[in-house]
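S.K.: predicted coordinates and the sequence they were generated for:
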Amino acid sequence: MAFFSAQRVLVIPPLSRYLNAASTVRHAEVNFRLKMLASGLFSLMVRVKLSALINRLAVQGIHSLTGQHVLLV
């Protein structure tokens, strides 16, 4: 008997929805959506870079505690 688990699916609307605004959509609303999208992507980029930096520093700390001198670039 097979069991299937429900998975969450992230639905991202196509970018054309924001860029090709219909005449019924105000340009201010489209600009706001684009700004929100850009700020979300920037936030994600900052999180990834900070996470990588924290991981690198943690690994260097472990190496210094164990006496291993490894230069991570």
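M.R.: Now that the structure is in, tell me what you want to look at.
S.K.: from here on, just use CA atoms for contacts and neighbour counts.
M.R.: Noted.
S.K.: what's the local residue count around His27?
M.R.: His27: 14 surrounding residues under other Cα atoms under 10 Å.
S.K.: correction: His63
M.R.: If you count neighbours by other Cα under 10 Å, His63 ends up with 14.
S.K.: can you classify it by secondary structure?
M.R.: Three-state call for His63 (DSSP: H, G, I helix; E, B strand; the rest coil): helix.
S.K.: what's the neighbour count on Leu34?
M.R.: Residues within reach of Leu34, counting by other Cα under 10 Å, total 15.
S.K.: now do the one 3 residues further on
M.R.: By the criterion of other Cα under 10 Å, Leu37 has 14 neighbours.
S.K.: same thing with Thr66?
M.R.: 9.
S.K.: how far away is it from Leu57?
M.R.: According to Cα to Cα, to the nearest Å, Thr66 stands 14 Å off from Leu57.
S.K.: low-confidence regions, the chain specifically.
M.R.: In the predicted model of the chain, residues 1-25, 68-73 satisfy pLDDT under 70.
S.K.: tell me which stretches of it form helices.
M.R.: Taking DSSP state H, the helices of the chain run over residues 16-19, 27-66.
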